[in-house]
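Novice: Here you go, sequence then predicted model.
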Amino acid sequence: MAAEGPGGLRLLALDPEARALGLRPGEPLGRVRARIGVPLQVYPADPDSDRAALLRLCRWAEGYAPVVAPFGAAEAADGFYIDVAGASHLRGGEGPLVDDLAGRLARSNIPARIALADTPGGAFALACYGASDRVIVPPGGAEPALRALPVEALRLDPGTVSGLRRLGLRRVGEVDALARGPLARRFGEALLLRLDQAMGRRPEPLAPLTEEAAYRAARGFLDPIGRQSDIVVTARLLMAEIAPRLERDGVGACALRLVLHRVDGVMRVLDLGLSRPERCPERVAALVSLRLDRLGAGLDAGFGFETVTLTVTVTGALSARQTELGAAPQGDGIDALADALTQRLGRPLLRLGARASHIPERAAHTLPWTLQGSDSASRRSRQAPSPVRERGAVPRSASCEADTPWTSAPSSWPDHLPPRPLVLFPRGEAALDVLSTVPEGPPRRFRWRARIHAIVHAEGPERIAAEWWHAPGAARDYYRVECEAGRRLWLYRDGPHAPGRPAAWFVHGVFA
């Protein structure tokens, strides 16, 4: 199969006999005919029919798992992902599922390479560049399995692949072993994003086929657009077209995908995540504007975009809100700030979440900024199947070849605790040379970080016992103290005094 390309017709797809002759996709057809003496049967490419056939195949694959996503331009649009997480047991396990899928495709004369891995990117890489046409990677084994694959497996643009090869970097493992800073400066963020997605270090949500058409709008232009202001206005109009459908179903958009189709066939995909369900066109337009500000010249409009598509990929329940009588405008508050910072900085924000522990250093942990209070009601694209598991042809992530991380909202913080320091150290720092007028009372003076601190005021104690079900330990007595210099610290005595062995003191945090 051949299609028009730079310099004339070029090979687009090959059958096994053509591959056996040493032909490769992308070669100029004229050069191939001059080099190969065997007569060739060449058919013109029909992208529309190919896309329709792929979508029919994806609909058929929904019999294995409800989440199926066709490959996009980055994967050459010649396969699909299946998220088999939670569904493989219906076929007797992951191995039998892959065998059944491969067998049914073979009986239909559809050649396929299938891989099952923990991530969509890993499944795609193994399906396309793995040593076998049927690969199942054990959970957690995607990273070592990817290291020996060529850099093309990371779904990079040809310019990045050429640049890496000029530097002698031919394998994924060689790229992953280098310092990230120089890589980002030379090749941009896209290289690190694709690498982290394949290795499972960053999430890669995919829009399921079943949800792609539910809330989607597109607009074409006779005169292609390229200015940022035109793209922002178009995004606002498209969201205004989608909003009535979201309102009808009582939901809002939690994640969106804006696809810009360039006149030369290249697509730019912008994924936007929101902290809460939203259907306000103005807010979506503002986030698109911030994202485009960050991209700057990296948007590379070329000769312009002829089509712009906006798709809601994740939805969440959105109850009615007061819009008059002095109510705050939609989008106000900390969630709007978080969304704006995410688009401006280009990386997910983190927040503190509560853990079920009363030991201070265990009571909090960092979580991605996430949807608050609507996870149970949201419909979302799961991590795409990697060519089968988000393992390969059908995900755990499974990928079959024929780019906000949504977590549950953090636990609520207890409201009965005394004040806690703004800065909490991972572990207590020793306070030395402690002088105390009362053995069981707060210290009057101590040395910490090579300085003597004299205490003028102390509050406490607050006793926090050890969690015996985790590990034995002594109870701590915490004091809030203020030094002569005005510094307010959180100290604790680790256990009671004993004859001949005074208790140890530690500084655990600093108040504002």
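Specialist: That came through, no problem.

Novice: ok, now how distant is the residue nearest the centre of the chain from residue 443?
Specialist: Central residue of the chain (C-alpha atoms, centre = their mean): residue 203, 2.6 Å from the mean position. Here the distance between residue 203 and residue 443 works out to 47 Å (C-beta to C-beta, to the nearest Å). C-beta here means a position set from N, CA and C on the backbone, and glycine is covered the same way.

Novice: same question, residue 181
Specialist: Counting by C-beta to C-beta, the gap from residue 181 to residue 443 is 44 Å.

Novice: Comparing the two, which residue is more hemmed in?
Specialist: Ranked by neighbour count (other C-beta atoms under 10 Å), residue 181 and residue 443 place residue 443 first, with 21 against 9.

Novice: Check the secondary structure at that one for me.
Specialist: coil (DSSP: H, G, I helix; E, B strand; the rest coil).

Novice: contacting residues for it?
Specialist: If a contact means C-beta atoms under 8 Å, 6 or more residues apart in numbering, then residue 443 has 431, 434, 435, 436, 455, 481, 491, 505 as its contacts.

Novice: do that again at 7 Å, thanks
Specialist: Shown in contact with residue 443 (C-beta atoms under 7 Å, 6 or more residues apart in numbering): 434, 435, 436, 455, 505.

Novice: Now for the second one: which residues touch it?
Specialist: Looking back up the chat, that one is residue 435. The contact partners of residue 435, by C-beta under 7 Å, 6+ apart, come to 443, 444, 445.

Novice: same check, this time on the first one
Specialist: Under the criterion of C-beta under 7 Å, 6+ apart, the contact partners of residue 434 comprise 443, 446, 505.

Novice: And the first one, its phi and psi?
Specialist: Going back to what we said before, that points to residue 443. phi -70, psi 160 (degrees, to the nearest 10).

Novice: Next one, pLDDT for it please.
Specialist: With respect to pLDDT, residue 443 scores 90.

Novice: how close does it sit to residue 503?
Specialist: Residue 443 sits 11 Å away from residue 503, going by C-beta to C-beta.

Novice: mind checking which helix or strand residue 303 is in?
Specialist: Using DSSP states H and E, residue 303 sits in no helix or strand.

Novice: show me what contacts it?
Specialist: Contacts for residue 303 were tallied using C-beta under 7 Å, 6+ apart; they are 224, 263, 264.

Novice: Let's verify the spatially closest residue to residue 282 that is not a sequence neighbour: helix, strand, or coil?
Specialist: Among residues not flanking residue 282 along the chain, residue 236 sits closest, at 6.7 Å (C-beta to C-beta, 6 or more residues apart in numbering). In the three-state summary, residue 236 is assigned as helix, counting by three-state DSSP.

Novice: The one 10 residues further on now?
Specialist: Using three-state DSSP as the criterion, the local structure at residue 246 reads helix.

Novice: give me the number of residues near it?
Specialist: Neighbour tally, residue 246, other C-beta under 10 Å: 20.

Novice: I figured it hits residue 216, correct?
Specialist: No: look at residue 246 against residue 216 with C-beta atoms under 7 Å: they stay out of range, at 11.5 Å.

Novice: in this protein, which spans are helices?
Specialist: Secondary structure of the chain (DSSP state H): helices at 16-20, 29-35, 47-61, 94-107, 120-129, 142-146, 158-166, 172-176, 180-187, 189-199, 209-212, 228-248, 281-295, 334-345.

Novice: Hmm, residue 489 is touching residue 478, no?
Specialist: No: with contacts counted by C-beta under 7 Å, residue 489 stays clear of residue 478, the gap being 10.6 Å.

Novice: What ranges in the chain fall below the confidence cut-off?
Specialist: Under the criterion pLDDT under 70, the flagged ranges of the chain are 207, 210-213, 319-333, 346-348, 368-412.

Novice: at 50 what do you get?
Specialist: 328, 331, 371-395, 402-410 (pLDDT under 50).

Novice: Return the set of buried residues in stretch 336-347.
Specialist: Neighbour-count burial for stretch 336-347, with 16 or more other C-beta atoms under 10 Å as criterion, is recorded at 336, 338, 339, 340, 342, 343.

Novice: So which of those residues is the closest to residue 123?
Specialist: Comparing the buried residues of stretch 336-347 against residue 123 with C-beta to C-beta picks out residue 342 as the nearest, at 26.8 Å.

Novice: Skipping its backbone neighbours, what lies nearest the closest one in space?
Specialist: Closest to residue 342 by C-beta to C-beta, 6+ apart is residue 349, at 5.7 Å.

Novice: One more: residue 215?
Specialist: Per C-beta to C-beta, 6+ apart, closest to residue 215 is residue 312, 3.7 Å.

Novice: didn't that neighbour look like it was pressed against residue 238?
Specialist: No: between residue 312 and residue 238 there is no contact, the gap being 10.3 Å when judged by C-beta under 7 Å.

Novice: before we move on, the earlier item: report how many residues lie close to the residue nearest to residue 342.
Specialist: Neighbours around residue 349, by other C-beta under 10 Å: 16.

Novice: separation between it and residue 208?
Specialist: In terms of C-beta to C-beta, residue 349 sits 26 Å off from residue 208.

Novice: do residue 78 as well
Specialist: Residue 78 is 19 Å from residue 208, by C-beta to C-beta.
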